[in-house]
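**Q** fold the following for me, if possible:
(one chain, ligands or ions: 2)
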Amino acid sequence: MTLLITGGAGYIGSHTVLEFLSTGRDVLVLDNLCNSAQESLARVASLTGRTPGFIQGDVRDRATLDALFTQHQIEGVVHFAGLKAVGESVRQPLSYYDNNVAGTLTLCQAMADAGVFRLVFSSSATVYGTPAHVPIDENCPLGQPTNPYGRSKAMVEHILQDLATSDPRWAIALLRYFNPVGAHASGQIGEDPHGIPNNLLPYISQVAVGRLPQVSVFGSDYPTVDGTGVRDYIHVVDLALGHLAALDYLQAHSGTHIWNLGTGTGYSVLQMIHAFEAACGRTIPYQLAPRRPGDIAACWADAQKAAQELGWTAQRDLAQMMADTWRWQSGNPNGYPDSPTK
Ligand code: NAD
Ligand code: UFG
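**A** Ligands and ions are numbered 1, 2, ... in the order given. Prediction:
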């Protein structure tokens with residue numbers, strides 16, 4: 001039996017493919033490479049000594065999906081494929097609803113017709129909107145995401161819950177990621193954003209390596225430890241391992257299951273900058289700047305539910321997140337050689 005991983009050439013996907021291959025699972029990746037490089041999977045193959053199957057194709061393409069399900073014995077699907085840039089989603093909402101919502105519908109229709117009912121979905125803490133309280137547990141009411149990207153994730157959560165209600169054969173995990181950072185400890189695979197990074201840690205690491213002049217710290221008057229925004233940063237390898245645990249759980253539990261994947265600890269922007277300076281041995285120039293529209297002050301997970309039900313907790317601390325990011329960034333200052341931006 002084979003596991004289908006959509007978006008498996010991307011940042012979180014490639015780390016998850018590596019962990020599944022390492023446990024002996026057979027993996028088939030479907031990715032249109034719109035935001036990734038196939039080199040990531042070549043490196044996964046060399047790190048694990050096992051080569052994942054690869055189909056360059058689009059999750060919205062029903063014919064590709066039908067052929068794939070006919071040709072392979074698929075036991076379940078881990079669905080990463082989608083677009084994720086918040087600002088771009090405001091400028092191109094149709095593209096976000098098409099890839100993220102319509103893509104998931106097409107995938108689920110093809111799965112049902114093929115008799116495959118086990119699905120792990122990449123959701124996001126963004127569905128909580130401005131949280132009523134921190135830490136955020138899974139019972140915290142969903143908020144109002146402030147952009148089309150966030151709304152696409154909330155829509156898909158509702159759709160998948162309706163689907164599982166309609167047919168007891170479905171077993172679906174909704175994984176609400178907090179802030180994924182870091183890279184595989186080998187330094188061979190990591191995050192390779194296009195253009196100017198939107199997210200904090202890739203921005204910091206590109207300043208450290210000399211690609212960007214300084215970090216703008218968005219907001220210094222939040223009610224937090226030092227006035228800067230606080231987030232729950234989780235090492236991407238811990239996040240990847242959460243997918244293995246979720247998929248195992250689905251083997252014995254149908255219905256929809258929601259888990260926060262976070263560490264339970266928040267760090268401020270300035271704490272992140274100083275931790276990265278310690279890891280790379282360089283000074284990171286930064287300037288205080290106005291708040292970024294749509295940002296919340298503080299957000300971190302209550303990660304107890306995943307600990308109790310999945311036996312999963314994040315193991316890698318902030319120092320390791322920073323050291324691994326720096327190993328990847330300094331060894332690959334321009335990312336993968338065949339990434340779509342190069
Ligand atoms: P990524 O862009 O590195 O990976 C997504 C992959 O999906 C890419 O390889 C891309 O080429 C592929 N893809 C996109 N649209 C596709 C389509 N229509 N058909 C086939 N392939 C397609 O992003 P990532 O950070 O690895 O995120 C993976 C998932 O996790 C996404 O769904 C994202 O929304 C979600 N997520 C990410 C974060 C984060 O901060 N990185 C946080 C919460 C949730
Ligand atoms: N920040 C800066 N400067 C930057 C970039 C970010 O100060 O150049 C600050 C932000 O204001 C925020 C913190 O760093 O306080 C984290 O910002 P990110 O953009 O890295 O992450 P967000 O928490 O805004 O959002 C991320 C993903 C979303 C996802 C969310 C929750 O981008 O897709 O985590 O999982 F939904």
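**Q** need the residues of the stretch 151-300 of the chain near ligand 1, please.
**A** Listed as neighbours of ligand 1 in the stretch 151-300 of the chain under the rule C-beta under 6 Å from any ligand atom: Tyr177, Pro180. C-beta: built from backbone N, CA, C; applies to glycine.
**Q** pick out the residue of the stretch 151-300 of the chain closest to ligand 1.
**A** When scored by C-beta to the nearest ligand atom, the stretch 151-300 of the chain has Tyr177 as its residue closest to ligand 1, at 3.9 Å.
**Q** and that residue, bridged to which residues?
**A** Under DSSP bridges, the beta-bridge partners of Tyr177 are Ser124, Leu261.
**Q** burial measure for Ser186, as a count.
**A** Burial of Ser186 is recorded as 15 neighbouring residues (other C-beta atoms under 10 Å).
**Q** which residue is the nearest non-sequential neighbour of it?
**A** Counting by C-beta to C-beta, 6 or more residues apart in numbering, the nearest residue to Ser186 once its immediate chain neighbours are dropped is Leu47, at 5.8 Å.
**Q** show me what contacts that neighbour?
**A** By C-beta atoms under 8 Å, 6 or more residues apart in numbering, the residues touching Leu47 are Leu18, His184, Ser186, Gln188, Ile189.
**Q** how about a cut-off of 10 Å?
**A** Leu18, Leu21, Ser22, His184, Ser186, Gln188, Ile189 (C-beta atoms under 10 Å, 6 or more residues apart in numbering).
**Q** buried ones among these?
**A** Neighbour counting by 16 or more other C-beta atoms under 10 Å classes Leu18, Leu21, His184, Gln188, Ile189 among those as buried.
**Q** okay, the first one: pLDDT?
**A** Put plainly, it is Leu18. With respect to pLDDT, Leu18 scores 98.
**Q** hang on, the earlier thing: okay, and which of the contacts of Leu47 map to helices?
**A** Residues of the contacts of Leu47 located in helices (DSSP state H): Leu18, Leu21, Ser22.
**Q** is it true that Ser205 touches Ala323?
**A** No: the criterion here is C-beta atoms under 10 Å, and Ser205 misses it with Ala323 at 11.4 Å.
**Q** with neighbour numbers in mind, choose between these two.
**A** Higher neighbour count among Ser205 and Ala323: Ser205, with 27 against 21, using other C-beta under 10 Å.
**Q** tell me where the stretch 101-250 of the chain has strands.
**A** 118-124, 171-177, 179-181, 215-218, 230-231, 233-235 (DSSP state E, counting those that start in this stretch).
**Q** of all the residues in the protein, which one is nearest ligand 1?
**A** Residue of the chain nearest ligand 1, by C-beta to the nearest ligand atom: Gly10 (2.1 Å).
**Q** Phe80 is in contact with that residue, correct?
**A** Yes: using C-beta under 10 Å as the test, Gly10 is close enough to Phe80 to be in contact (6.0 Å).
**Q** thank you, goodbye.
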